[in-house]
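In: Let me see the structure of the following:
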Amino acid sequence: MARLGAHGHGKAEVRLVRIFRGGAAEGGAADGGAADELRDWTVSSRLSGDFSETYLTGDNTGVLTTDAQKNAVYALAAEHGDRQPEQLALRLAGHFAGQPQVSRARVEIAEHGWRRVGDRAHSFAGEPGFTRTATVVTDRQQGRLVLAGLRDLTLLNTTRSEFAGFARDRYTTLPETADRVLATSVTARWSYREPGTHDWAGCFDRARTALVEAFADTYSHSLQQTLYAMGERVLRALPEADQVRLVLPNRHHFLVDLQPFGLANENEVYLAADRPYGVIEGAVLADDAVPGGQLPWD
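Out: Next comes the predicted model:
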């Protein structure tokens, strides 16, 4: 015998480029006219509810098609002109959760950065470095949850990091070090206490600045210690949030042995190894926060 478990459906990675004509705050520009504003987003939706009949019998009566979800992304973006990913995610999740057969809607948006080329009104260059993310979950029973964050934020300290005193077993070969390069690529997400209206861009900038400055300011005895310092700094800078979840891969840098060439290596020449790598993760909670495991982070 078998029975149907958890199920749902959605539309993944809908590419949306939204241009606000003449909408940038700086106004006119060198190449004429009012400056355009550009938003480049990848939108994914996932709906949960009682869709069991389509799995068990092929009856599609209650299915809101993934094509309709894609079309809603474009239509609502055009109709309402949301400039922040949290705004559009809230709107889409509310729309999907309003369907009678849907009990939970999850919308995640990744923002791809662009910056204006000088004072040109209509020219942009891709801005590498990190991807901003926003996720909204609207549940008929539990209400709304807004998660914001980023991924692929690369950080590196050339010194002021050590790693020693760790447990050893028969397979431990790693030597202790009192001075090492510490590098990571940050994935961070924080949950807002209230899912209503915030200065979304300002909140994001404060959180990102806190992450970067905490990494730079912390004398690290372990990447775990640095993770906690980064999460704590975000909560201090962003009282609108009640918890932060961080994933920090340890991007190892190994000293190159130059002795075969008759050369010394005074902590100057390294091999940057892309794999394998350690992964450190954890959540930092405000004193009054709900335990992180109860939130639908994934």
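In: Let me see the contact set for the nearest residue to L285 once chain neighbours are set aside.
Out: Of all residues beyond its chain neighbours, the one nearest L285 is Q243 (4.4 Å), with distances taken as CB to CB, 6 or more residues apart in numbering. In short, each C-beta sits where N, CA and C put it, glycine included. Q243 makes contact with W190, S191, L235, A283, V284, L285, A286, A289, V290, G292, L295, according to CB atoms under 8 Å, 6 or more residues apart in numbering.
In: List the strands paired with the helix or strand hosting Q243, with their directions.
Out: Element membership for Q243, per DSSP states H and E: strand 241-250. Strand 241-250 has its sheet partners listed here by DSSP bridges as strand 182-192 (antiparallel), strand 278-285 (antiparallel).
In: Could you say which one of the ones you listed comes nearest to E266?
Out: Closest to E266 of the strands paired with strand 241-250, according to CB to CB: strand 182-192, at 18.2 Å.
In: Would you mark the buried spots in the next helix or strand after that closest one?
Out: Per DSSP H and E, strand 182-192 leads on to helix 200-217 as the next helix or strand towards the C-terminus. By 16 or more other CB atoms under 10 Å, the buried positions in helix 200-217 come out as W200, C203, F204, R206, A207, R208, A210, L211, A214, F215.
In: So the third one versus Q84, what's the distance?
Out: In this structure, F204 lies at 9 Å from Q84, with CB to CB, to the nearest Å as the measure.
In: who are the neighbours of the longest strand out of those in the chain, in terms of helices and strands?
Out: If each strand of the chain is counted by residues according to DSSP state E, the longest one is strand 143-157. Contacting strand 143-157 under the criterion 3 or more CB pairs under 8 Å, 6 or more residues apart in numbering; DSSP states H and E are the following elements: helix 85-97, strand 131-139, strand 182-192, helix 200-217.
In: distance between that strand and the chain's centre?
Out: 3 Å (CA atoms, centre = their mean, to the nearest Å).
In: Same check on stretch 215-234?
Out: 18 Å.
In: Now do the contacts for the closest residue to L155 other than its chain neighbours.
Out: Once flanking residues are discounted, L155 sits nearest to F215: 4.8 Å by CB to CB, 6+ apart. Residues near F215 by CB under 8 Å, 6+ apart: L155, N157, T184, V186, T226, A229, M230.
In: Many thanks, I have nothing further to ask.
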